[in-house]
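[1] okay, here's the prediction I keep looking at, along with the sequence it came from:
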Amino acid sequence: MKIRVRFAPSPTGYLHVGGARTALFNWLLARHSGGTFVLRIEDTDLARSTEASVQAILDGMRWLGLSWDEGPDIGGPYAPYFQMQRLDTYKHYVDRLLNEGHAYHCFCSKEELDAMREEAQKKGEAFSYTGRCRNLLPEIAQRLREEGRQPVIRFKTPTEGETVVEDLIHGSVSFQNALLDDFVLVKADGVPTYNYAVVIDDATMEITHVLRGDDHLSNTPKQILIYQALGLPMPQFGHIPMILGQDRARLSKRHGATSVMAYEEAGYLPEAMLNYLAKLGWACGDQEEFTVEELIEKFTVAGVNNTAAVFDQAKLDWLNGVWMRRLPTSTLVERLKPRWAARGWLTERHTDEWLNALVELLKERARTLVELVDYSTFFFDVPIEYKPEAVEKFLVPENRAILEALRDRLPKAEPWDLATVEGVFRNLASELGVKAGAVIQPARVALTGSTASPGMFETATLMGPELVAKRLQGALELMAAKV
RNA sequence: GCCCCCGUGGUCUAUCGGUUAGGACACCACCCUUUCAAGGUGGUAGGACGGGUUCGACUCCCGUCGGGGGUACCA
């Protein structure tokens, strides 16, 4: 049987890292097995669902490269893929439940329910809907309707026995039916609740495996009861552990960025994000680095563990660095161009060849694209920041002669290439009878504003004679002004 | 409160009754070195606790504690 999995977010916000990992695991299972990955939008929460969120989620999925085979924008054999467009289907099945005695109309108002809940709490008892409307006489139901009461439809949960979830990740988990109450299937406005709609959709879309967050494990017995009442074939369930913040509380805005697109903005690479997310809750021996292809090849549900994991920014940073080094320089250049352009730094001088050389120099020093752009500042003809500690240490009178000599000689280096530039530095050092470092460090500060940079010869060469002359002159003026 | 899940270094994890408990991030030291990175070598640090079962438990069972989730006309 061909595997069909789905990712079913509710469009009430952006795609967050937890959702992204759920999507990833489903996607990997589909791609690993040659199955189908369905994207379904669960928009039954009318108050919170927005079109903007749908777009935000699709953007996040696209950035990560999690392509879907059926879904909102592309349709598919089980369309539509928005729950609010599937109301007829839900109506059809709930009528069956009603007719077959598995569901009933309930006229209890929200106020009445709240009162009951409060009372139960006062008595220290667990509240669960008692089924007050289970056996309403038709005349009474009719009268309530005439009074203008809009009923909800509740599921008639068995009062005894137990329901067992056979979970791919947790094994058998059983629940006492008596502890489950007569939950709502269809709200008063005719919109289905999550627990009901998800069953109908997964069944009618012929989903074979439901991989979703741990937070749904407790909902699963209710869903199983609906499958059984309707005689619908059940998918296999797998509940993957939650992602927590540093304080072990459920990941939320408090913990910093949770939106995957916020990571895109911050300069993280989708390759690294995918790699990190996959490793969070899934392992394959001791391997840490995975390309998407390797993930697809090696992913199995059996490899997913069952313990909640803390999202570790430091490890993501490291992995992003790994991918910065791993990706071809030209790929990085293409992704960086828009960021440099946004700062208005690109000119005709900055050919692909030059940019490649630049990235070659910086990619192993930056952990994110944003860091690389920041780091690249001094290579462009823009004002740079001179770090006070660096200035204080190296732009001092004792180094004046060195910097003047460099200013006079360096721009005249001919031809302008690495060997010639290096020669100027080394010759000056031996002339003065000092170590190369004594010449290089002041020059580094003068050219970059900092004591840390890529190799001095490479840096100066790439900057070009004009900028080098300008910066050295500027540094000398800075020194003069300081005295 | 009740129900469910989970519990290996600070963090992510390997182990599927017998290992000097392995790897990665982070941290520290050293090496490399014109600085910074990257890279290399080494180091600090772990089976929540208490009972069982067993010749032998991180591993199986029970309890406690801790964390998470559910208990909505949210999903």
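    That came in fine, so what should we check first? Numbering: from 1, shown residues only, chains lettered A, B, ... in the order given.

[2] show me where pLDDT drops low in the stretch 151-300 of chain A?
    Filtered on pLDDT under 70, the stretch 151-300 of chain A yields no residues whatsoever.

[3] where do the strands sit along the stretch 251-400 of chain A?
    With strands called from DSSP state E, counting those that start in this stretch, the stretch 251-400 of chain A shows them at A:309-310.

[4] can you pull the residues of it lying near RNA strand B?
    A:279-281, A:283, A:285-286, A:288, A:305-310, A:312, A:314-315, A:317-318, A:321-322, A:325, A:364-365 (C-beta under 7 Å from any atom of the strand). C-beta here means a position set from N, CA and C on the backbone, and glycine is covered the same way.

[5] which members of these are classed as buried?
    The neighbour count (16 or more other C-beta atoms under 10 Å) marks A:279, A:280, A:281, A:309, A:317, A:321, A:322 as buried among those.

[6] for residue A:480, state which of the residues you listed is nearest.
    Using C-beta to C-beta, residue A:321 is the member of those that sits closest to residue A:480, with 40.1 Å.

[7] how near is the nearest residue to the closest one once chain neighbours are set aside to residue A:289?
    In space, and not counting its chain neighbours, residue A:321 is closest to residue A:367: 4.3 Å by C-beta to C-beta, 6 or more residues apart in numbering. According to C-beta to C-beta, to the nearest Å, residue A:367 and residue A:289 sit 15 Å apart.

[8] quick one: which of the two has more around it?
    Using other C-beta atoms under 10 Å as the criterion, residue A:367 and residue A:289 rank with residue A:367 on top: 20 against 13.

[9] how many other residues sit next to residue A:256?
    Neighbours of residue A:256 (other C-beta under 10 Å): 12.

[10] now it: phi and psi?
    phi 100, psi -150 (degrees, to the nearest 10).

[11] can you get me a residue count around the residue lying closest to it once chain neighbours are set aside?
    Leaving aside its chain neighbours, residue A:256 sits nearest to residue A:313 (7.1 Å; criterion: C-beta to C-beta, 6+ apart). Residues within reach of residue A:313, counting by other C-beta under 10 Å, total 13.

[12] residue A:313 reaches residue A:251, doesn't it?
    No - counting by C-beta atoms under 8 Å, residue A:313 sits too far from residue A:251 to count as a contact (11.4 Å).

[13] low-confidence ranges in the stretch 1-150 of chain A?
    In the stretch 1-150 of chain A (pLDDT under 70), the answer is A:124-126, A:130.

[14] again, only this time at 80
    A:117-128, A:130-131 (pLDDT under 80).

[15] can you give me the helices in it?
    A:17-33, A:51-64, A:87-99, A:110-122, A:138-146 (DSSP state H, counting those that start in this stretch).

[16] what about the second one, distance to the chain center?
    Mean C-alpha position of helix A:51-64 versus that of the full chain (C-alpha atoms, centre = their mean, to the nearest Å) differs by 11 Å.

[17] would you list the phi and psi of residue A:386?
    Dihedral angles for residue A:386 - degrees, to the nearest 10 - are phi -90, psi 120.

[18] geometric centre of chain A: which residue is closest?
    residue A:260 (3.0 Å; C-alpha atoms, centre = their mean).

[19] other residues contacting stretch A:239-257?
    With C-beta atoms under 8 Å, 6 or more residues apart in numbering as the test, stretch A:239-257 has contacts from A:16-18, A:21-22, A:25, A:167, A:169-170, A:211-217, A:220, A:258, A:263, A:266, A:280-281, A:304-311, A:313.

[20] and that stretch, end to end?
    By C-alpha to C-alpha, to the nearest Å, the extent of stretch A:239-257 from end to end equals 24 Å.

[21] buried residues, it. List them.
    Buried-residue list, stretch A:239-257, by 16+ other C-beta under 10 Å: A:239, A:240, A:241, A:242, A:243, A:244, A:245, A:251, A:255, A:257.

[22] OK, contacts around the residue nearest to the centre of chain A?
    Residue A:260 touches A:14, A:15, A:16, A:17, A:20, A:60, A:63, A:64, A:273, counting by C-beta under 8 Å, 6+ apart.
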